[in-house]
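A.B. asks: Could you look at this predicted model? Sequence included:
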Protein chains: 2
Amino acid sequence: VTEHERIKALRALFESSGDERPDGARAVLGIGDDAALIELPGASGRLVVSVDDQVEGTHFQSAWLTYEDLGARATMAAASDVAAMGGRTAFILGSIAAPPSLDDASLLGIARGQKRAADELGASVIGGNLTRSPVLAISTTVLGEVQGEGLRRAGARIGDQLWLSGPVGRAAVGLALLSGLEEEIALEDSHAGRAARVCLAAWRRPLALQASGRACIAHAATSAIDVSDGLAADAAHIAIASGLHIVVEAARLMLDATLFAIAKRLHRDPLGLALAGGEDYAILATAGLEVDAIPGFVRIGRCEAGEPAVSVEMPDGTRKPPPRGWDHFR
Amino acid sequence: VTEHERIKALRALFESSGDERPDGARAVLGIGDDAALIELPGASGRLVVSVDDQVEGTHFQSAWLTYEDLGARATMAAASDVAAMGGRTAFILGSIAAPPSLDDASLLGIARGQKRAADELGASVIGGNLTRSPVLAISTTVLGEVQGEGLRRAGARIGDQLWLSGPVGRAAVGLALLSGLEEEIALEDSHAGRAARVCLAAWRRPLALQASGRACIAHAATSAIDVSDGLAADAAHIAIASGLHIVVEAARLMLDATLFAIAKRLHRDPLGLALAGGEDYAILATAGLEVDAIPGFVRIGRCEAGEPAVSVEMPDGTRKPPPRGWDHFR
């Protein structure tokens, strides 16, 4: 059973929960999107709320980044879900589960990172929890506001174009360098060395693209998601939720000098890295043909009738299924 | 450095976060109380939000309860913080970090428990997160609404009386039975056996006392907290936040037949169990002398001028400091 199927089962279980409450508050969007949306009587806009976990051994190793970067990273990853709904994070609750061996300086470092991220987002840390745990884990709840209905995964229409804000693939390369103990490439005085430093920073210091999310709303985007699982996988989430086929045009995909330089050094395919690498927290959106520009975005594909999945259109016009993951690009 | 000091340090770090935001939303109460309070422009009442963690090895062992009870327990523990503010939980996000060895039936059991608790609370599960982790951990975010300013730890006044809703000490006995492998006492056909079954149920199936919290607001309570650390420790939280001394009158403290029977069997002091045992999620509140009853509550003490701490007044009029913890009652 895949994680997708597990989430489907949970969604079915909790589905009956969507009804209006006696006090008038109503969940207008529940499990299965980047964030949940709540309508409060009297309030302008909708409340957006989401939670994200960072667990040592699953998402990071403590040796891979400073505690301050860890706290900021956990906060930005959570805030990215709000950004992808077109919202702005206003309030943050950061729950830290830490082994007794974590000293006070390290704990305060995590908190300082949460505060740094909150400041960058224009948000406030208003609560949290401290608990003992055999492994270090940070659970971040973000609350924000979005005007109107927000941007969801469902909503893309046949004929829409596909837009991408920000580079992709870099964070996954950074993670690969760290987990493969190839971090020392970043010490090289070379194109690859500079690219490695950029990729390490992309993984260690991600940003939630709130301005890009809001630009999507301002430019009538029909759907949006943040690139956390990987460009192809996240495009597939839109395709499935919207019931259409998404074509990513390889020639239009940003294959920047950074990705080329590091891919060459690692003997990997840069297109594969761009399609499969996750945790960049770029925003992927769809919008109608009448939209000819979204500030900060480039057009990278289109929506068609067909199987709810993603294909990659190569420069020669042939199509292929997207890569499944990192190890398929060797 | 104690947990209290750690939280103080974090509070100082995040303090500057309390300002009004451009969109008019404002955190009116941040870190350091049971829950945070948010004022939203246009919304009636305040938004209450809190997060609570349950980590295997720290808060529970999987063998101690069913997965369904685990999911419900995690949800109720979090909702209790909202209840203690006088609010009602409306929306729940349940984040589950689980080892790959946790099978789908177990995961679904946890979710069913979250749903059961949500139904009992009149709330909806609207989101969450699934992630891999070496240890099973549930992080629960609860969102609710409270009228007016809510009930805080600060607010008790000299001369106020101290009120308690619900039995205390039972959950800690249940936990002690489980962790000391004395669970088999519950199999005895005796007073102690019946008491053990009640205590195990108190630990395994706690309830967030929303009606009691609302009764506090309706009856002009001046402060409130839920009994999670232990009656004496939680009374001390009120004493410190309100800047006064709290006297718990031992003779008035509910020493029910259940606690007496099990204390005798375990060779412990029932008063000590009542004062030190946590996780009952009873509500402790203060109210002025003019309040002569709060539905579901009994009066157990009073607030005086003096050191911000708690003392226990024995039936003979002598005072002693409260017990420090479970092991001080042998």
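C.D. replies: Okay, I see it.
A.B. asks: Please make it C-alpha for all contacts and neighbour counts, starting now.
C.D. replies: Fine.
A.B. asks: okay, the residue of the stretch 201-330 of chain A found nearest chain B: pLDDT?
C.D. replies: Of all residues in the stretch 201-330 of chain A, A:D229 sits closest to chain B, at 12.9 Å by Cα to the nearest Cα. We have a pLDDT of 90 for A:D229.
A.B. asks: Now for A:E149, how many residues are close by?
C.D. replies: When counting by other Cα atoms under 10 Å in any protein chain shown, one arrives at 16 neighbours for A:E149.
A.B. asks: Who are the contact partners of the residue nearest to A:E279 when sequence neighbours are not counted?
C.D. replies: Among residues not flanking A:E279 along the chain, A:S228 sits closest, at 4.1 Å (Cα to Cα, 6 or more residues apart in numbering or on different chains). Listed by Cα atoms under 8 Å, 6 or more residues apart in numbering or on different chains, the contact set of A:S228 reads A:234, A:278-282.
A.B. asks: Can you tell me the SS state at A:S228?
C.D. replies: coil (DSSP: H, G, I helix; E, B strand; the rest coil).
A.B. asks: Quick check: phi and psi on it?
C.D. replies: When read as degrees, to the nearest 10, the backbone of A:S228 gives phi -110, psi -40.
A.B. asks: Could you list the contact residues of the stretch 101-250 of chain A toward chain B?
C.D. replies: Residues of the stretch 101-250 of chain A lying near chain B by Cα under 8 Å from any Cα of the partner chain: A:104, A:108, A:111-112, A:115, A:123-135, A:139, A:141.
A.B. asks: Filter those down to the buried ones.
C.D. replies: Those of those that meet the buried threshold are A:108, A:111-112, A:115, A:123-135, A:139, A:141, by 16 or more other Cα atoms under 10 Å in any protein chain shown.
A.B. asks: What is the burial count for the residue of the stretch 201-330 of chain A closest to chain B?
C.D. replies: For A:D229, the neighbour count with other Cα under 10 Å is 19.
A.B. asks: For it, give me its contacts.
C.D. replies: A:D229 makes contacts with A:276-279, as judged by Cα under 8 Å, 6+ apart.
A.B. asks: Likewise for A:A77?
C.D. replies: Going by Cα under 8 Å, 6+ apart, the list of residues near A:A77 reads A:52, A:206-208, A:279, A:281.
A.B. asks: Narrow these to those in strands?
C.D. replies: A:D52 (DSSP state E).
A.B. asks: Turn the contacts of A:A77 into TSV, including neighbour count.
C.D. replies: Formatted as TSV, the contacts of A:A77 follow (neighbours: other Cα atoms under 10 Å in any protein chain shown):
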residue	neighbour count
A:D52	25
A:P206	22
A:L207	21
A:A208	29
A:E279	22
A:Y281	32
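A.B. asks: So which of the contacts of A:A77 is the closest to A:V146?
C.D. replies: Taking Cα to Cα as the measure, A:V146 lies nearest A:A208 of these, at 15.0 Å.
A.B. asks: Give me the spatial nearest neighbour of the closest one, chain neighbours excluded.
C.D. replies: A:S80 (4.3 Å).
A.B. asks: mind saving the C-alpha coords of the helix or strand hosting that neighbour as PDB?
C.D. replies: In this structure, A:S80 sits in helix A:67-84 according to DSSP states H and E. Provided in PDB are the C-alpha atoms of helix A:67-84 (Å, rounded to 0.1, in the frame of the first residue of the first chain):
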ATOM      1  CA  TYR A  67      20.200  23.800  14.300                       C
ATOM      2  CA  GLU A  68      19.200  27.300  13.200                       C
ATOM      3  CA  ASP A  69      18.900  26.200   9.600                       C
ATOM      4  CA  LEU A  70      17.000  23.200  10.700                       C
ATOM      5  CA  GLY A  71      14.400  25.300  12.600                       C
ATOM      6  CA  ALA A  72      14.100  27.700   9.700                       C
ATOM      7  CA  ARG A  73      13.900  24.800   7.100                       C
ATOM      8  CA  ALA A  74      11.100  23.100   9.000                       C
ATOM      9  CA  THR A  75       9.200  26.400   9.200                       C
ATOM     10  CA  MET A  76       9.600  27.300   5.600                       C
ATOM     11  CA  ALA A  77       8.600  23.800   4.400                       C
ATOM     12  CA  ALA A  78       5.300  24.100   6.300                       C
ATOM     13  CA  ALA A  79       4.800  27.700   5.200                       C
ATOM     14  CA  SER A  80       5.300  26.600   1.600                       C
ATOM     15  CA  ASP A  81       2.000  24.700   1.700                       C
ATOM     16  CA  VAL A  82       0.200  27.900   2.600                       C
ATOM     17  CA  ALA A  83       2.100  29.800  -0.100                       C
ATOM     18  CA  ALA A  84       1.000  27.200  -2.700                       C
END
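A.B. asks: Show the residue spans covered by the helices in chain A.
C.D. replies: Remark: helices assigned in chain A by DSSP state H are A:3-14, A:67-84, A:104-121, A:170-179, A:191-204, A:210-218, A:231-242, A:257-266, A:270-276.
A.B. asks: what's the third one in contact with?
C.D. replies: Applying Cα under 8 Å, 6+ apart, the contact partners of helix A:104-121 are A:66-76, A:88-90, A:92, A:94, A:124-125, A:208, A:210, B:1, B:6, B:9-10, B:13-14.
A.B. asks: Mind listing what's buried along that helix?
C.D. replies: Per 16+ other Cα under 10 Å, helix A:104-121 contains these buried residues: A:107-118, A:121.
A.B. asks: Ok, the fourth one next?
C.D. replies: For helix A:170-179, a neighbour-count test (16+ other Cα under 10 Å) marks A:170-178 as buried.
A.B. asks: C-alpha coordinates for it, CSV please?
C.D. replies: Output in CSV follows, covering the C-alpha atoms of helix A:170-179 (Å, rounded to 0.1, in the frame of the first residue of the first chain):
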residue,chain,number,x,y,z
ARG,A,170,18.7,21.8,-6.7
ALA,A,171,17.6,20.8,-3.2
ALA,A,172,17.6,17.1,-4.2
VAL,A,173,21.1,17.4,-5.4
GLY,A,174,22.1,19.1,-2.1
LEU,A,175,20.5,16.3,-0.2
ALA,A,176,22.3,13.7,-2.4
LEU,A,177,25.6,15.4,-1.8
LEU,A,178,25.0,15.3,2.0
SER,A,179,23.7,11.7,2.2
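A.B. asks: on contacts alone, who are the packing partners of it?
C.D. replies: For helix A:170-179, the packing partners by 3 or more Cα pairs under 8 Å, 6 or more residues apart in numbering or on different chains; DSSP states H and E come out as helix A:191-204, helix A:270-276.
A.B. asks: So what touches it?
C.D. replies: A:64, A:182-183, A:196, A:198-204, A:259, A:273-274, A:277-280.
A.B. asks: Just the buried subset of those residues, please.
C.D. replies: In the contacts of helix A:170-179, burial by neighbour count holds for A:64, A:183, A:196, A:198-204, A:259, A:273-274, A:277-280, counting by 16+ other Cα under 10 Å.
A.B. asks: Which pLDDT value belongs to A:L47?
C.D. replies: 89.
A.B. asks: wait, isn't it in contact with A:A27?
C.D. replies: No. Applying Cα atoms under 8 Å as the test, A:L47 and A:A27 come out as separate, 9.3 Å apart.
A.B. asks: Common neighbours of those two, please.
C.D. replies: In contact with both A:L47 and A:A27: A:37-39, using Cα under 8 Å, 6+ apart.
A.B. asks: So which of those wins on neighbours?
C.D. replies: A:L37 (30 neighbours).
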